[in-house]
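Participant: Quick one: sequence plus predicted model below, questions after.
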Amino acid sequence: MYVSFTLGVLGGLLSGILVYFVRQKVRADRLRTAIATEVRNTPLDALATGLKGEVGLQTPIIDANLDKIHLLTKDEIVEVENFHRHMQQVQEHYEEEKQDDGRKKIHIPSKLQRKSRDYARNTAYELESHIWNRSNIIFAVKFWSDERGDEERY
């Protein structure tokens, strides 16, 4: 009787811990998806910025979720911070000039435009590589089963 009671308590405790970690992973993946989507949709050059306007250079999803950034890995946090800081720098150097014919001329230094593409690519890649999805899980299971099969063969 004591053994079954102890096993029941232990099983309940372990399942509670497992549920907690899975929920944290789901929350982190939602945050990763939201930030990666924002990064991919941020205008990175003068032409795209001209279409979206200066508002497109802002990062409202990152700003709104700074209190949840601890859910990400250290590498992801560094990439998100670098991108966020860089976009603030782009906003500081953003210049809009109205021409005589009524059109707007947008100027963002070319060096910042090149850096924007690098920061965006690195940030999105880092975030998306840690998101669980069906294909990642299937690939991991196949990889582990193939690896175990290799050990048994040799």
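Facilitator: That came in fine, so what should we check first?
Participant: Can you point out the buried residues in stretch 23-39?
Facilitator: Of the residues in stretch 23-39, those with enough neighbours to count as buried (16 or more other C-beta atoms under 10 Å) are 28-29, 31-32, 34-36, 38-39. From N, CA and C alone the C-beta is placed, and that goes for glycine too.
Participant: would TSV of the residues you listed with secondary structure, pLDDT and distance to residue 59 be doable?
Facilitator: Formatted as TSV, those follow (DSSP: H, G, I helix; E, B strand; the rest coil; pLDDT from 0 to 100; distance: C-beta to C-beta, whole Å):
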residue	secondary structure	pLDDT	distance to residue 59
28	helix	91	18
29	helix	91	19
31	helix	93	13
32	helix	93	15
34	helix	92	11
35	helix	93	9
36	helix	92	12
38	helix	91	6
39	helix	90	8
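Participant: Residue 32 is in contact with residue 68, correct?
Facilitator: No: the criterion here is C-beta atoms under 8 Å, and residue 68 misses it with residue 32 at 10.7 Å.
Participant: shared neighbours of those two, anything?
Facilitator: Overlap between the contact sets of residue 68 and residue 32, as judged by C-beta atoms under 8 Å, 6 or more residues apart in numbering, is nil.
Participant: For the host helix or strand of residue 80, what does the pLDDT average out to?
Facilitator: With elements taken from DSSP states H and E, the one containing residue 80 is helix 74-93. Average pLDDT, helix 74-93: 89.
Participant: How far does it sit from its chain's centre?
Facilitator: In terms of C-alpha atoms, centre = their mean, to the nearest Å, the gap separating the centre of helix 74-93 from the centre of its chain is 12 Å.
Participant: Stretch 68-80 now?
Facilitator: Here stretch 68-80 is found 8 Å from its chain centre; the criterion is C-alpha atoms, centre = their mean.
Participant: distance between the ends of it?
Facilitator: Across stretch 68-80, the terminal residues are separated by 12 Å (C-alpha to C-alpha, to the nearest Å).
Participant: Show me what counts as buried in that stretch.
Facilitator: By neighbour count on 16+ other C-beta under 10 Å, the buried set for stretch 68-80 is 71-72, 76, 79-80.
Participant: Which of those sits closest to residue 111?
Facilitator: For residue 111, the nearest member of the buried residues of stretch 68-80 is residue 79. The distance, counting by C-beta to C-beta, is 19.7 Å.
Participant: who's in contact with that closest one?
Facilitator: Contacts for residue 79 (C-beta under 8 Å, 6+ apart) come out as 119, 122-123, 126-127.
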